[in-house]
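1. For reference, the sequence and a predicted model appear below.
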Amino acid sequence: MLPNLSPGEEAQLLQRITHDLGRVTPGIEKMPSVCGGAARIVRTRIPVWFLAQAPRLGTTEAEILRCYKNLRAEDLANAWTYVRLNPPEIDLAITENEG
């Protein structure tokens, strides 16, 4: 199929692929059957919105890692990237889960 694309169509396809790849965050996954489909750290049931809320409440990264032994610093870095790329989703999840 690719050889049949015009140069303009190829450019559009590459732009779409680049955009989609730019939205992928390693170490983060969403599955409808886990954590209500919320973005979460792989290997865990810890939602990204929960981690994003922790510093807003005064919890440090060191405290998060100390409390959640299965988390790594890399997991937090992946979570912060996801938060930065998806602020409306994270803010909505925090609002929905407060209370």
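-> Perfect, thanks for sending it.

2. From L76, how far off is P87?
-> As judged by Cβ to Cβ, to the nearest Å, P87 and L76 stand 17 Å apart. Backbone N, C-alpha and C define where each C-beta goes, glycine included.

3. Repeat that for K30.
-> Between K30 and L76 the computed distance is 18 Å (Cβ to Cβ).

4. quick one: which of these two has more around it?
-> The neighbour count for K30 versus L76, taken as other Cβ atoms under 10 Å, is higher for L76 (19 against 14).

5. what helix or strand is that one on?
-> Taking DSSP states H and E as the definition, L76 sits inside helix 73-85.

6. Skip ahead from that helix and say which helix or strand is next.
-> Next along the chain from helix 73-85, counting by DSSP H and E, comes helix 87-97.

7. Can you name the residues in contact with that following helix?
-> Residues from elsewhere that reach helix 87-97 (Cβ atoms under 8 Å, 6 or more residues apart in numbering): A38, A39, P47, V48, W49, F50, A52, Q53, Y82, V83.

8. Show the contacting residues for the first one.
-> Under the criterion of Cβ under 8 Å, 6+ apart, the neighbours of A38 are K30, P47, V48, W49, A93.

9. now with 7 Å?
-> The neighbours of A38, taking Cβ atoms under 7 Å, 6 or more residues apart in numbering as the test, are K30, P47, W49, A93.

10. For the protein, which segments count as strands?
-> Secondary structure of the chain (DSSP state E): strands at 28-29, 40-41.

11. Give the rounded mean pLDDT of the first one.
-> Read it as strand 28-29. Strand 28-29 carries an average pLDDT of 94.

12. Please apply the same query to stretch 61-69.
-> On average, stretch 61-69 scores 96.
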